[in-house]
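A structural model of the following input is requested.
(2 chains)
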Amino acid sequence: MSEKELPIRLITPHDGVDAFRYALTSMIRDQRFSRELAWRMFLRDTQAMFRQSFLGYVWLVLPALANSLVWVFLSGTDVVSISSGQTPYPVFVFVGTLLWTAFNGSVVASLSIVDEARGTLAKVNFPQECLVLVAFGKSLLNTLATALCAIPFFLMYPVAFHWQMLLFPVGVLATMLAGTAFGLMMVPISAMFSDLSRAIHLGLRFGFFLTPVIFPLPESGLGRTIMFWNPVTYLVVTSRAWLLGGETVLLPGFLCVTLLSLSMVCVGVMFLKVALPHIIERLGSG
Amino acid sequence: MSEVLIQADKISKKFCRSLKKSLWYGMTDVCHSLNPWSESVGSQLGDKGKLRDQEFWALQDISFEVRRGQCLGLIGHNGAGKSTLLKILNGLIRPDSGRVTMRGRVGALIELNAGFNPVLTGRENIYSQASLLGFSRAEIAEKYEDIVEFSELREFLEMPLQNYSSGMKVKLGFAVASQLEPDILLIDEVLAVGDLGFRYKCLNKIGDLLKKCAVVFVSHSMTQVMRVSSHIMMLKDGREAFFGTEVAKGLEAYYQLFSGGGLTVSGNGAVQLLGLEVLANGQRCDLEGGLRIQHGDSLKLRLTLKVETGVPEAVAQVLFWNHEMIPVLEISGRESYGFHFFPAGDETMLEVEMPNLMLNTGSYYASVIVTAPGLEKVYCQADNSFRLTVGSGSPVSGVGCVCPGAWKVL
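Got it, this is the predicted structure:
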């Protein structure tokens, strides 16, 4: 019969090293397909997102705009008085929330990848790792939309240009990477027990106040100690300092967290790949 | 012999009845497999050979191989493990023991609209579905026209999918999937959809693929299984209850899984079926009984009827239903339907003989029906009054009756 070499796939129960080796080889083999598929899924989901609305993609920007207007209003009426150094407070908060939203969005997006694709996962065999790319792409789109609102903001409150500003996008990406890493590590468990994802959603609300988002890093006290234990602090403080100017004293921490996140994302994708057959088996098609 | 494309070796799979327990086991399994130092059991049964609380074997020790050009028909009752087996073959879930070797590109016609998005248009969905099924960008561009052509939905392509009827969605899904060029094809109950014309088109397309692929075909329609399968495996509670190339025998085993229920009597009660005797091939059975006969055997039937005095004349009919509850054979009298008789006295005995019963291989249920001559009243209808299992001896074509003809070359 046909003499062409057919790809061989072995389906066996496997654990530990075997499972990881299998995950790695299949991801390398499918990487081109998985990138194409991720792009197609990203297009599908974004196109579908606002199809049922008149304003369409404007909705990407509106929430961020509304959010920042609140802070402009609040600081204009002196309801909140937080010192933010030389930078005007609204700008300070805007940049802080931008970074926090990037982190928060990435955590939520990567936590929900199994839930959102449940039907497809249970019925079609495709390189599932592309879902991670899709989730990252979606939160990147959201972050970019928020960043778009920065333009009128910086016209209102001009900030002098300095070269470090160019590093800000790196900071944003690092923050998103950290969020993705965190979410991915939790997915194998949270896909089965919704307790975990509920707890994380709850924790993120506290996290907002345990991270110097709407206020600068405290000079001393318990708050400072807690924030130093919070890895997101390093990302937010350093990235904001790059954009608005200031000392980047937490740069070593920033680098550590980023490297750690990067390796956690790699490990997390492998974890997901190894865990998915078990997850699919337990969840069925829902 | 062509090459073996699917080789399943003693695969077993456990499932759990309770959701909470199932999730908990799932989590321990995940943790176990994520631990790089955990022992891989491979095809050996270690701890995995034991059932935990609330678990049962959804599949146990299933082995088979399918070569290119062969088609394995997978049959069995609901929950017998057919879909689980397909999921394992498709690589979605892993067996708890055993191994499967799959050679070549796998195409699955399982749930055809799994990746569809309702608010996007048909065109957009074609693109996303095609890439989900593994088409590269270049392949999609090349095959787009064929897909549209096959789907017969050209004028609806710009309409959102949520406005498609369910049949149209399946058409679109099948059109995309049909462009796959797999070596191994897994099919699960997708043919029973769409309108008649499209169904023929699908069957023809699958027929084309059958020659080039190794196929595993799951269906509850025995007609379709007979039509396409070269091998049959019947699963019963996760175990292999029949495996072989004799498709007819497999179907017989399948039919025997179902008793078809007991006798049900309806009608206005003016006539009652007191007794029934079936004689064939030297055997006999009574009301609610069953006989195994061979195709072409003769059958004698005796009915004892109790007829009320107000019934001067009646018509008796015997009807045979196949397993899909389609009537396949009627025993008629001289008139166009049934046997016209005039009851005398309290009890009337009727006898009818069929010299050459033309029923095909399978299981059949007989109804005895007594009506008024003009069919305006049903006096008695006794469904499931007896069962016939017709054994091999007739060609496997899936039809209800086979009738010998006098052929000659002119």
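
which residues sit in contact with B:Val307?
Counting by C-beta atoms under 8 Å, 6 or more residues apart in numbering or on different chains, B:Val307 touches B:270-271, B:314, B:343, B:346-348, B:379. All C-beta spots, glycine's among them, are computed from the backbone N, C-alpha and C.

Nearest residue to it in space, ignoring adjacent ones along the chain?
Of all residues not flanking B:Val307 in the chain, B:Pro343 sits nearest, at 4.0 Å (C-beta to C-beta, 6 or more residues apart in numbering or on different chains).

Regarding that neighbour, what is its secondary structure?
Of the three states, B:Pro343 takes coil according to DSSP: H, G, I helix; E, B strand; the rest coil.

That one: neighbour count?
Neighbours of B:Pro343 under the rule other C-beta atoms under 10 Å in any protein chain shown: 19.

any idea which element A:Ala147 lies in?
Using DSSP states H and E, A:Ala147 sits within helix A:130-148.

pLDDT averaged over that helix - what is it?
In this model, helix A:130-148 has an average pLDDT of 92.

So which elements touch it?
When contacts are defined as 3 or more C-beta pairs under 8 Å, 6 or more residues apart in numbering or on different chains; DSSP states H and E, helix A:130-148 sits against helix A:31-49, helix A:58-76, helix A:89-111, helix A:113-116, helix A:168-190, helix A:251-283.

Mean neighbour count, mean pLDDT and distance to B:Lys306 for these - can I get that in JSON lines?
Converted to JSON lines, these look like this (neighbours: other C-beta atoms under 10 Å in any protein chain shown; pLDDT from 0 to 100; distance: least, C-beta to C-beta, whole Å):
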{"stretch": "helix A:31-49", "mean neighbour count": "18", "mean pLDDT": "90", "distance to B:Lys306": "68"}
{"stretch": "helix A:58-76", "mean neighbour count": "15", "mean pLDDT": "80", "distance to B:Lys306": "77"}
{"stretch": "helix A:89-111", "mean neighbour count": "24", "mean pLDDT": "91", "distance to B:Lys306": "73"}
{"stretch": "helix A:113-116", "mean neighbour count": "19", "mean pLDDT": "91", "distance to B:Lys306": "65"}
{"stretch": "helix A:168-190", "mean neighbour count": "23", "mean pLDDT": "95", "distance to B:Lys306": "70"}
{"stretch": "helix A:251-283", "mean neighbour count": "19", "mean pLDDT": "93", "distance to B:Lys306": "59"}
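
Take these and write them to CSV, including distance to A:Cys130.
Converted to CSV, these look like this (distance: least, C-beta to C-beta, whole Å):
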stretch, distance to A:Cys130
helix A:31-49, 4
helix A:58-76, 22
helix A:89-111, 13
helix A:113-116, 10
helix A:168-190, 14
helix A:251-283, 10
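
just to revisit the earlier point, what are the buried residues along the next helix or strand after the helix holding A:Ala147?
Note on helix A:130-148: by DSSP H and E, the next helix or strand toward the C-terminus is helix A:150-156. By 16 or more other C-beta atoms under 10 Å in any protein chain shown, the buried positions in helix A:150-156 come out as A:150, A:153.

now for helix A:150-156, which elements pack on it?
For helix A:150-156, the elements it packs on are helix A:89-111, judged by 3+ C-beta pairs under 8 Å, 6+ apart.

Quickly check: whatever helix or strand A:Gly203 lives in near chain B or not.
Element membership of A:Gly203, judged by DSSP H and E, is helix A:194-209. No. On the criterion C-beta under 8 Å from any C-beta of the partner chain, helix A:194-209 is out of touch with chain B, staying 9.8 Å away.

what helices or strands is that helix leaning on?
If contacts are counted by 3+ C-beta pairs under 8 Å, 6+ apart, helix A:194-209 sits against helix A:89-111, helix A:168-190.

Could you list the low-confidence segments of the stretch 151-300 of chain B?
The stretch 151-300 of chain B contains residues with pLDDT under 70 at B:190-194, B:259-261.

At the contact with chain A, which residues of it appear?
Contacts of the stretch 151-300 of chain B with chain A, taken as C-beta under 8 Å from any C-beta, map to B:160, B:183.

Tell me which residue in the stretch 151-300 of chain B sits closest to chain A.
The stretch 151-300 of chain B approaches chain A most closely through B:Asp183 (6.2 Å), counting by C-beta to the nearest C-beta.

For the closest residue in space to that residue that isn't next to it in sequence, give me the pLDDT.
Once flanking residues are discounted, B:Asp183 sits nearest to B:Gly104: 2.6 Å by C-beta to C-beta, 6+ apart. On the pLDDT scale, B:Gly104 is placed at 91.

show me where chain B has helices.
Shown for chain B, the helices assigned by DSSP state H span residues B:19-34, B:82-89, B:122-132, B:137-151, B:166-177, B:196-212, B:222-228, B:247-255.

want to throw these into JSON lines with distance to A:Pro7 and mean neighbour count?
As requested, these are arranged in JSON lines below (distance: least, C-beta to C-beta, whole Å; neighbours: other C-beta atoms under 10 Å in any protein chain shown):
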{"stretch": "helix B:19-34", "distance to A:Pro7": "24", "mean neighbour count": "18"}
{"stretch": "helix B:82-89", "distance to A:Pro7": "15", "mean neighbour count": "23"}
{"stretch": "helix B:122-132", "distance to A:Pro7": "19", "mean neighbour count": "23"}
{"stretch": "helix B:137-151", "distance to A:Pro7": "16", "mean neighbour count": "16"}
{"stretch": "helix B:166-177", "distance to A:Pro7": "19", "mean neighbour count": "22"}
{"stretch": "helix B:196-212", "distance to A:Pro7": "16", "mean neighbour count": "15"}
{"stretch": "helix B:222-228", "distance to A:Pro7": "25", "mean neighbour count": "20"}
{"stretch": "helix B:247-255", "distance to A:Pro7": "31", "mean neighbour count": "21"}
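
Present the ones you listed as JSON lines; the columns should include distance to A:Val114.
Compiled in JSON lines, these are given as follows (distance: least, C-beta to C-beta, whole Å):
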{"stretch": "helix B:19-34", "distance to A:Val114": "12"}
{"stretch": "helix B:82-89", "distance to A:Val114": "17"}
{"stretch": "helix B:122-132", "distance to A:Val114": "16"}
{"stretch": "helix B:137-151", "distance to A:Val114": "26"}
{"stretch": "helix B:166-177", "distance to A:Val114": "23"}
{"stretch": "helix B:196-212", "distance to A:Val114": "32"}
{"stretch": "helix B:222-228", "distance to A:Val114": "35"}
{"stretch": "helix B:247-255", "distance to A:Val114": "37"}
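
how much space between A:Leu144 and chain B?
Computed as C-beta to the nearest C-beta, to the nearest Å, the A:Leu144 to chain B distance reads 22 Å.

Tell me how far the closest residue to A:Val159 other than its chain neighbours lies from chain B.
Leaving aside its chain neighbours, A:Val159 sits nearest to A:Leu244 (6.0 Å; criterion: C-beta to C-beta, 6+ apart). Distance of A:Leu244 to chain B, computed by C-beta to the nearest C-beta: 40 Å.
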